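Participant: Model the structure of this input:
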Amino acid sequence: MTSFMFMVSLMLFIWGLIFTNELATIDEQATFIFIITGWLILYFLRPLIPVWKAWQLLLIISYTVIHLCLLSPESLYPWLMYYFFLVDVAMNEKGTNKTPIFIALGMIISGVSFIPFILDTVTYPIFFHLCILIVIFCAIIYLRHFKQENEALKDKWTSSSIEYRALKRHAYHSEQNARAEERTRIARDMHDSVGHQLTALMMQLEMTERKTGEKEVKSLVAQAKQMARDSLNETRQAVRALSDQTYGISSVLQLIRKLESESHIRVQLTTKEGALSASLTNEQYVTVYRFVQEGITNAMRHGFSREVTIILEVIGSSSYQMRVENRIHSLTPFEKGFGLIGLTERLESLDGRLDISRSATHFCLTGVFPLKGAIVK
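Facilitator: Sure, this is the predicted structure:
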């Protein structure tokens, strides 16, 4: 928008110079205003025309006719418009091949420059304009080279960013796999050593309890056996927690009920079609769990009321979206804390993203990640 306003201001400035310095009588000025109005309409219609090059050539040729019929070829001011065309073509329509336009402009400027020779008026315009053309074309070539280098650096940066994110995801998955393997190893060791020993201890105490006859000793043995049984149960629970640490949508519902009862907040949970039946991995369920947990925690800390809205839905059978919204006091400066930073990294590890939006009265967290290998855009 800034470049467009600059080009329009420059064009109107050049037309103003031409109008004030080239037209002497009122009739000439009136005719000129009428013709230029039509030309400006053609210029501002250019963005709506699909055939951009042909329309640009039409503008240049029509101005050349105005130059030859109404203005003096020897004057400097009308020539400024040709150089405006060069700058205008260079700044507009990125990615379009502009070589034909540049060639046509060069031929028109060179051709019109020969008119003073034909009319035997002055002898310098051709050399003057050719020098300006050479300078402009050198500047355009330099700018194109600079732009190509800039795009190459941008592509390298994008490629490096993609590789960095891939390495980051790989490191995260490797860490999770290492943790899972360590949990499995600890669970197996506990089961093989402590569990078997406690089981053997219980069997020996059982035999001792049957053989002894004294009530006091029998009571002590019974207590020891109960302690061994409790220890065995706790060991089995620890083994199950280590070897099979899974989350599901039921865990999310239990979390909401627990936070509602403990914090006296009201949670309005909306599950749209597919949200409860979506086939999620354990890691994705963990992400949903942590997202809801962090969203409710933020609402309790910074919310204006004790009401929180949670929406879970599947979008287009390819993405799972979670949204937590709550009211806030006012629109104050905001900075991500460790919880939101960790949540962002967790979603990025799933090729997803975290969006944070705020208004004067509401704060909203939106998390989305792909299903079945889809990519979130």
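Participant: Count the neighbours of residue 7 for me.
Facilitator: For residue 7, the count of nearby residues is 15 (other C-beta atoms under 10 Å). Glycine gets a C-beta too; all of them are placed from N, C-alpha and C.
Participant: begin at 573 from here
Facilitator: Got it, first residue is 573 now, which makes that one residue 579.
Participant: Please report how far it lies from residue 710.
Facilitator: 21 Å (C-beta to C-beta, to the nearest Å).
Participant: do residue 881 as well
Facilitator: In terms of C-beta to C-beta, residue 881 sits 62 Å off from residue 710.
Participant: So for these two, which sits in the more crowded spot?
Facilitator: Comparing residue 881 with residue 710 by other C-beta under 10 Å, the one with more neighbours is residue 881, at 18 against 10.
Participant: Where does the more buried one fall, secondary structure wise?
Facilitator: Taking DSSP states H and E as the definition, residue 881 sits inside strand 875-887.
Participant: Give me the sheet partners of that strand and which way each runs.
Facilitator: Next to strand 875-887 in the sheet, as set by DSSP bridges, lie strand 838-843 (parallel), strand 891-900 (antiparallel).
Participant: neighbours of residue 661, just the number please.
Facilitator: 20.
Participant: In this structure it contacts residue 627, no?
Facilitator: No. Using C-beta atoms under 8 Å as the test, residue 661 is too far from residue 627 to be in contact (11.7 Å).
Participant: Compute the first-to-last residue distance for stretch 614-625.
Facilitator: Length of stretch 614-625, first residue to last, C-alpha to C-alpha, to the nearest Å: 13 Å.
Participant: Tell me if residue 833 really is in a helix.
Facilitator: Yes. Counting by DSSP: H, G, I helix; E, B strand; the rest coil, residue 833 falls inside a helix.
Participant: Contacts for stretch 877-894, please.
Facilitator: 828, 835-848, 850, 852, 856, 860, 863-864, 867-868, 871, 895-899, 937-944, 946, 948 (C-beta atoms under 8 Å, 6 or more residues apart in numbering).
Participant: In ChimeraX, how would I select the buried members of the residues you listed?
Facilitator: Provided next is the ChimeraX selection string for whichever of the contacts of stretch 877-894 are buried by 16 or more other C-beta atoms under 10 Å:
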select :828,837,839,841,843,847,850,852,856,860,863,864,867,868,871,895,896,897,898,899,937,938,939,940,941,942,943,948
